[in-house]
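1. predicted coordinates and the sequence they were generated for:
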Amino acid sequence: MSGEAQRRAAVERATAETRIAVTLDLDGSGRHRIATGIGFFDHMLAQLSRHSLIDLEITADGDLHIDAHHTVEDTGLALGTALAKALGDRAGIQRFGHAYAPLDEALTRVVVDLSGRPHLTWQVAFTQPALGGMDTELFREFHQALAQTGGLTLHVEALAGINNHHIAESGFKALARALKAAIAHDPRQAGRVPSTKGTLTGGAPPGAGAG
């Protein structure tokens, strides 16, 4: 963006269980290339990119012969790290965002604060153990990991829903729209950090916690 720092990041995370690579551009148009080996998860991450307008590339090679847990969690950790890196000191942003997203009978509310303080409140219930081969309990693990390394205070609440696919997808769309609002430039901030403390990182590396 002309006259503004480019808010991009690339992160690689490698363990004995997974190898994850993430690149993102916070000021993109929602373009995405995602391959985690978990089809339903790919579909959800595509929603996250498209509706936040964050350009996103993710590749994951995980121990899916065991289950999807490590791949989903480590993808969340890597994505949160990239988000924190791209945000830098978080100066000049809106900081707060909230969104409601419906999908037919399902409705989810997400509220986010780019506070630097990792927290997840999760009020989402599924009635199926898996969707497209992905355990539904892993949606919480993804959001927890994203909040942890991204330095997000994150509240996710499913307000209505019967179809489990709809519940999951409305949640990712709401997360996307809330993030879109929170990362947006605030021209009235004039490059200031939106906190009375003067910092949203507390002197720690981005994503590691804050004041």
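-> That came through, no problem. Numbers count the residues shown, from 1 in each chain.

2. when you work out contacts or count neighbours from here on, use the C-alpha atoms and nothing else.
-> Will do.

3. the closest residue to Phe126 other than its chain neighbours: neighbouring residues, count only.
-> In space, and not counting its chain neighbours, Phe126 is closest to Asn164: 6.0 Å by CA to CA, 6 or more residues apart in numbering. Neighbour count for Asn164, taken as other CA atoms under 10 Å: 18.

4. quick one: Asn164 and Val124, what's the gap?
-> 10 Å (CA to CA, to the nearest Å).

5. name the element the most centrally placed residue in the chain belongs to?
-> By CA atoms, centre = their mean, the mean C-alpha position of the chain lies nearest to Leu146, the distance being 5.4 Å. Assigned by DSSP states H and E, Leu146 belongs to helix 138-150.

6. so how far is that helix from its chain's centroid?
-> Centre-to-centre, helix 138-150 and its host chain are 8 Å apart (CA atoms, centre = their mean, to the nearest Å).

7. wait, Gly136 sits on Gln128?
-> One thing to correct before we go on: residue 136 is Thr, not Gly. Yes - here Thr136 reaches Gln128: they are 7.1 Å apart, a contact under CA atoms under 8 Å.

8. who has more neighbours out of these two?
-> Each of Thr136 and Gln128 has its neighbours counted (other CA under 10 Å); Thr136 has more, 19 against 12.

9. what residues are up against the closest residue to His143 other than its chain neighbours?
-> Nearest residue to His143, sequence neighbours excluded (CA to CA, 6+ apart): Gly76, at 6.8 Å. By CA atoms under 8 Å, 6 or more residues apart in numbering, the contact list for Gly76 reads Phe142, His143, Gln144, Ala145, Leu146.

10. and the gap between Gly76 and Arg140?
-> Using CA to CA, Gly76 is found at 10 Å from Arg140.

11. try Asp113
-> Separation of Asp113 from Arg140 (CA to CA): 18 Å.
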